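Novice: pasted the sequence and its predicted model underneath.
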Amino acid sequence: MCPVPLQATAQLKGLVLLSAQLPVPWERVVQLDFGTRPGDAPSRQLFCEVMAKYSNVVLTTAEGSILQCGYQVGGAMSSLRQVQQGRPYQLPPAVNGIPPSAAEPLNTWQQNITQAASLAAAERTAAVAKKQHSSSSSSQETVLAGATRAYMGVSPSLVEELCKTAGVNPHSRPDSLRSQDWCELHGAWLAWLDRLHSGNFTACSCPSTGKFSVIGIYSQQHNSVHDMIDGYYGTIQAGEVYANLHQRLSNAVKQALKKARGKVYSFQQQLAAADGAAAVQKEADIIVANLYRIPPKASQLEAEDWDTGAPILLQLDSTKTPMEVAEGLYKKARKLRRAVDAVQPLLEGAQQELEYLETVELELSQMPPGGAEQELAALREVQEELVESKIIKAPPEAALQAKAAAKGRKAHKKQQKSSFPPSAAAAADGRGPRQYASPGGFAVLVGRNNKQNDVLSHQIARPGDIWMHVRGMPGSHTVIRLDPGREPAQEDLQYAADLAAWFSKARDAGKADVIVARAEHLKKFKGAKPGQVLVTKEEGNVVAKPSQSAAATDADR
């Protein structure tokens, strides 16, 4: 895709499109004229040259002087024309061929393609021989090469589409086609010309290959050509937005993880130092017990260790009395104990934050590449979650998003009660947790991120539903929805446990221990981050095999 320079975009800002035309019939160059207001003479012209790897976008003045271009072409690159700022713009060199015409009879049309195929094959043979500096076998004559060589404005992809419509192999030799084949192919040719003159296009695309056409040869139909183009470039744009957002969030989480690990290490070091409080107090006790034996201005004391009975040597400050030394040690011991009381909660908070960030890191790493609406929505939920947790700053559009979210919450409150909570409705239309069906027919829901994990465990899950999570590792919450009076079989539990292990940090492990609990035994503890829960009672555990999960099977397809 040829880039449009930002300078060119700035020069067109505020102008209106006056006209669009083909400066040369059957050429793949579009001229767009821009001016201040409709009816005025154009002040800027934009030439879009659609020529595969040689495509370019050129902005000129009304007089034709080049202002900006996507790619500059100098004399060393082309001897036919130069495309550079300040030079006068020239259209690309005219291509060989004659203009297509519906008035051309079948026999003339067939003869033109056959002769052009021979010329094209001879040119390819000569080019290969010149490159290899030796004689080469002759290139095969094909209908594809003949049609593109014989007629202006005919591309290889168009010939392939026409051949597909007529049931002809585009790589066939012209002399191998039957009369019926030529008639079918000529009919497709005339139908294409009729569409060009009438503007009656049938926009369609191929879901598997991404190819598109305006003559209706693919399965997926579109309302219009504009709708098809919007869908095509909309998908590309969504993919770019998804990739950029994913990269930005991944980098932010990586930095936050580094900081959180540093905090945990620092607090652990402080606690390790505070563990010496008992030893310090023991030294003070020994000094007090031996005051009668210590002479004035002594620098050390040799005494007995009460625990082992072995002799020990304690250092004293000769400028202080033994009692002053003991009081200083008692004071140090009290300070170390206070440090334990102060640092322990900080360490626990830092560890919770580290555990939370590791879960987010796992979620981001397991998100599939692409940019489909569903994946992008899940990624934006992670972004909102990180903003709420103050890991990243809110994006500029956060105010609009917050307003939209408030409207959404208000609309949810007005919904009538149903068997599924409002949040579960999002899961049903693909915006919420992943959905699977167990061998016994139970719905199995798996969260995509921490926000969905919270909703799944505390809103969607009902009392009696089965909740699962891999033990001791970050992972998604998994819920088996149970109907009244029904309990899952062991194969249903195994099915859900395998999914819980797959969507966790144990994905690459052969086996993983998965916790099994009832939804009513989950609690949100004070200060918990999104996705963090307290299991008050476990029903048991299941040894899961991530590689045998339904998600693993889907990934292998």
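Specialist: Right, received. Where do you want to start? Residues are numbered from 1 along each chain as shown.
Novice: quick one: A102 and L245, what's the gap?
Specialist: Between A102 and L245 the computed distance is 50 Å (C-beta to C-beta, to the nearest Å). All C-beta atoms are positioned from the backbone trio N, CA, C, and that covers glycine.
Novice: more neighbours: those two, which one.
Specialist: L245 (17 against 12; other C-beta atoms under 10 Å).
Novice: buried residues, stretch 236-244. List them.
Specialist: Neighbour-count burial for stretch 236-244 flags A238, G239, Y242 (criterion: 16 or more other C-beta atoms under 10 Å).
Novice: and L162, what does it touch?
Specialist: Counting by C-beta atoms under 8 Å, 6 or more residues apart in numbering, L162 touches A147, L185, A188, W189, W192, I215.
Novice: helix or strand for it, which one?
Specialist: Secondary structure from DSSP states H and E places L162 in helix 156-166.
Novice: try A496
Specialist: Using DSSP H and E, A496 sits within helix 490-502.
Novice: I'd like to know which elements that helix is packed against.
Specialist: strand 434-437, strand 443-446, strand 466-470, strand 478-481, strand 512-518, strand 540-544, helix 550-556 (3 or more C-beta pairs under 8 Å, 6 or more residues apart in numbering; DSSP states H and E).
Novice: you'd agree L185 is in a helix?
Specialist: Yes: the assignment for L185, made by DSSP: H, G, I helix; E, B strand; the rest coil, places it in a helix.
Novice: that older thread, could you export the helices and strands packed on helix 490-502 as a markdown table, including distance to S219?
Specialist: Converted to a markdown table, those look like this (distance: least, C-beta to C-beta, whole Å):
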| stretch | distance to S219 |
| --- | --- |
| strand 434-437 | 26 |
| strand 443-446 | 31 |
| strand 466-470 | 40 |
| strand 478-481 | 35 |
| strand 512-518 | 42 |
| strand 540-544 | 40 |
| helix 550-556 | 23 |
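Novice: closest one to T125 among those?
Specialist: helix 550-556 (45.4 Å; C-beta to C-beta).
Novice: what residues of the closest one count as buried?
Specialist: Buried, per 16+ other C-beta under 10 Å, within helix 550-556: A550, A551, A552.
Novice: do stretch 90-99 as well
Specialist: So stretch 90-99, judged by 16+ other C-beta under 10 Å, has buried residues P92, V95, G97.
Novice: any regions of this structure where pLDDT drops low?
Specialist: By pLDDT under 70, the low-scoring segments of the chain are 1-5, 133-138, 370-372, 397-431, 556-557.
Novice: show me where it has helices.
Specialist: Ranges of helices in the chain, per DSSP state H, are 6-12, 106-132, 143-150, 156-166, 179-198, 225-274, 277-289, 322-366, 373-388, 398-414, 422-428, 450-455, 490-502, 550-556.
Novice: what count of nearby residues applies to L18?
Specialist: 19.
Novice: ok, what's across the strand from the closest residue to it other than its chain neighbours?
Specialist: Among residues not flanking L18 along the chain, D33 sits closest, at 4.4 Å (C-beta to C-beta, 6 or more residues apart in numbering). Beta-bridge pairing for D33 (DSSP bridges): S19, Q45.
Novice: ok, D33 to I229 distance?
Specialist: Going from D33 to I229 by C-beta to C-beta gives 21 Å.
Novice: neighbour-wise, which of these two wins?
Specialist: D33 (18 against 13).
Novice: surely that one meets L15?
Specialist: No: the criterion here is C-beta atoms under 8 Å, and D33 misses it with L15 at 9.6 Å.
Novice: find the residues that touch each one of those two.
Specialist: R44.
Novice: okay, now the closest residue to G167 other than its chain neighbours: neighbour count?
Specialist: Nearest-residue entry for G167: E184, 6.3 Å, with adjacent residues in sequence omitted and distances by C-beta to C-beta, 6+ apart. E184 has 18 neighbouring residues, counting by other C-beta under 10 Å.
Novice: one more: A333?
Specialist: The tally of other residues near A333 (other C-beta under 10 Å) stands at 21.
Novice: can you check V168 too?
Specialist: 20.
Novice: what backbone torsions are found at it?
Specialist: Main-chain dihedrals, V168, degrees, to the nearest 10: phi -120, psi 140.
Novice: dump the buried residues of stretch 236-244 into TSV; add distance to G309 as well.
Specialist: Shown next, in TSV, are the buried residues of stretch 236-244 (distance: C-beta to C-beta, whole Å):
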residue	distance to G309
A238	76
G239	75
Y242	70
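Novice: for K53, state which of these is nearest.
Specialist: G239 (21.8 Å).
Novice: and the helices of the chain as a markdown table, adding distance to S55?
Specialist: Below are these laid out as a markdown table (distance: least, C-beta to C-beta, whole Å):
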| stretch | distance to S55 |
| --- | --- |
| helix 6-12 | 15 |
| helix 106-132 | 22 |
| helix 143-150 | 17 |
| helix 156-166 | 14 |
| helix 179-198 | 21 |
| helix 225-274 | 15 |
| helix 277-289 | 75 |
| helix 322-366 | 35 |
| helix 373-388 | 29 |
| helix 398-414 | 36 |
| helix 422-428 | 42 |
| helix 450-455 | 43 |
| helix 490-502 | 43 |
| helix 550-556 | 36 |
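Novice: looking at those, which is closest to A76?
Specialist: Using C-beta to C-beta, the nearest of the helices of the chain to A76 is helix 106-132, at 20.3 Å.
Novice: next, the angle helix 143-150 makes with the closest one.
Specialist: Relative orientation of helix 106-132 versus helix 143-150 (axes from the mean of the first three to the mean of the last three C-alpha atoms, to 10 degrees): 100 degrees.
Novice: buried residues in helix 106-132?
Specialist: Within helix 106-132, the residues that count as buried by 16+ other C-beta under 10 Å are W109, Q110, N112, I113, T114, A116, A117, A120, A121, R124, T125.
Novice: before we move on, what about stretch 467-477?
Specialist: W467, M468, H469, V470, R471, M473, P474, G475, S476, H477.
Novice: what of stretch 490-501?
Specialist: In stretch 490-501, counting by 16+ other C-beta under 10 Å, buried: D492, L493, Q494, Y495, A496, A497, D498, L499, A500, A501.
Novice: of all the buried residues of helix 550-556, which comes closest to R334?
Specialist: A551 (55.5 Å).
Novice: excluding chain neighbours, what is closest to that closest one?
Specialist: W502 (4.7 Å).
Novice: can you check Y356 too?
Specialist: Per C-beta to C-beta, 6+ apart, closest to Y356 is K529, 3.8 Å.
Novice: now T114
Specialist: P174 (4.2 Å).
Novice: what's near enough to touch that neighbour?
Specialist: Counted by C-beta under 8 Å, 6+ apart, P174 has contacts Q110, I113, T114, A117, E141, T142, V143, G146.
Novice: out of those residues, who's nearest E538?
Specialist: Comparing those against E538 with C-beta to C-beta places T142 closest, at 69.5 Å.
Novice: that closest one and S176 touch, don't they?
Specialist: No: taking contacts as C-beta under 8 Å, T142 lies outside contact range of S176: 10.0 Å.
Novice: between the two, which is the more surrounded one?
Specialist: Comparing T142 with S176 by other C-beta under 10 Å, the one with more neighbours is T142, at 20 against 10.
Novice: how much space separates the more buried one from A166?
Specialist: For T142, the distance to A166 - C-beta to C-beta - is 15 Å.
Novice: neighbours around K53, how many?
Specialist: 5.
Novice: list the contacts for it?
Specialist: No contacts exist for K53 under C-beta under 8 Å, 6+ apart.
Novice: which residues does V83 bridge with?
Specialist: Bridge pairing for V83 - DSSP bridges - gives V73.
Novice: tell me, how many residues neighbour it?
Specialist: 21.
Novice: ok, back up a step: and the helices and strands packed on helix 490-502: which comes nearest G276?
Specialist: Judged by C-beta to C-beta, the one of the helices and strands packed on helix 490-502 that comes nearest to G276 is strand 512-518, at 36.8 Å.
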